[in-house]
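Trainee: got a predicted model here, sequence first, then my questions.
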Amino acid sequence: MKLLSNLKLLVACSLMLVAFNFATCKYSTKDTSPIPPDVKTFRVNYLENKARYVNPQLTPQLTEKLKQKIIGQTRLRQINGDEAHYDISGYLSDYSVTTTGITNQSASTNRLNVSFHLIFKNTLDQKKDFETDITNNYDFNAQKSLQEAEAQLGNDIIKNLVDGIFNKIFSNW
């Protein structure tokens, strides 16, 4: 009787082992737009601020963080000349605040709208040149001034814009 019970347990364990061996789940993050082997260099031009409201720290930080991300996450080498294979430029096109929430007849929530116009040129294949807009919105308490909201949201604004630009260029998102 005990032998039969042990045999059943052994068979059940063996079946589970076989089932788990064949039941695999694979996940891959294959890049949809790999960098062609002949592309070796990039240039990030100074990203301008053409929005009506100018945050003087935003575009210099954006320019530097974008360069750092490309250097850190691709094999491309940064150069400053016109002969760069990928030439990246653009400008902050919108940086404005709107009211999004009202409580007791006064503003309770404001929204900071941030838009960037990206201009990408591939000097080796001009068919891959493009321009696009990247827009993010950030809600904040209306009791805060814009400067207080910027201090709180600044890192998120830069990170989201850099990620958006990077993904448009290198991941075809």
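Mentor: Great, that's in hand. Residues are numbered from 1 along each chain as shown.
Trainee: could you pull out the helices for the protein?
Mentor: 2-22, 58-73, 146-170 (DSSP state H).
Trainee: quick check: the gap between Ala142 and Ser108.
Mentor: 5 Å (C-beta to C-beta, to the nearest Å). C-betas here are computed from N, CA, C, even on glycine.
Trainee: these two: who's more crowded?
Mentor: Ala142 (19 against 13; other C-beta atoms under 10 Å).
Trainee: what pLDDT does the model give the more buried one?
Mentor: At Ala142, the model reports a pLDDT of 90.
Trainee: also Thr98?
Mentor: 90.
Trainee: cool, the one 10 residues further on as well?
Mentor: The predicted structure scores Ser108 at 82 on the pLDDT scale.
Trainee: that one reaches Lys144, doesn't it?
Mentor: No: when contacts are counted by C-beta atoms under 8 Å, Ser108 is not listed as touching Lys144 (11.3 Å).
Trainee: give the residues shared as contacts by those two.
Mentor: When C-beta atoms under 8 Å, 6 or more residues apart in numbering defines a contact, no residue borders Ser108 and Lys144 alike.
Trainee: show residues contacting stretch 152-170.
Mentor: By C-beta under 8 Å, 6+ apart, stretch 152-170 touches 31, 33, 35, 57-58, 61-62, 65-66, 69-70, 73-74, 86, 88, 90, 112, 114, 116, 118, 120, 130, 132, 134, 136, 138, 140, 144, 150, 173.
Trainee: on that earlier part again, between Ala142 and Ser108, which contacts overlap?
Mentor: By C-beta under 8 Å, 6+ apart, the residues touching both Ala142 and Ser108 are Gly101.
Trainee: before we move on, back to that, can you say which of the contacts of stretch 152-170 are buried?
Mentor: 35, 58, 61-62, 65-66, 69-70, 86, 88, 90, 112, 114, 116, 118, 120, 134, 136, 138, 140, 150 (16 or more other C-beta atoms under 10 Å).
Trainee: who touches Ile88 in this structure?
Mentor: Phe42, Arg43, Val44, Asn45, Leu66, Leu118, Ile119, Phe120, Lys121, Ile165, Ile169.
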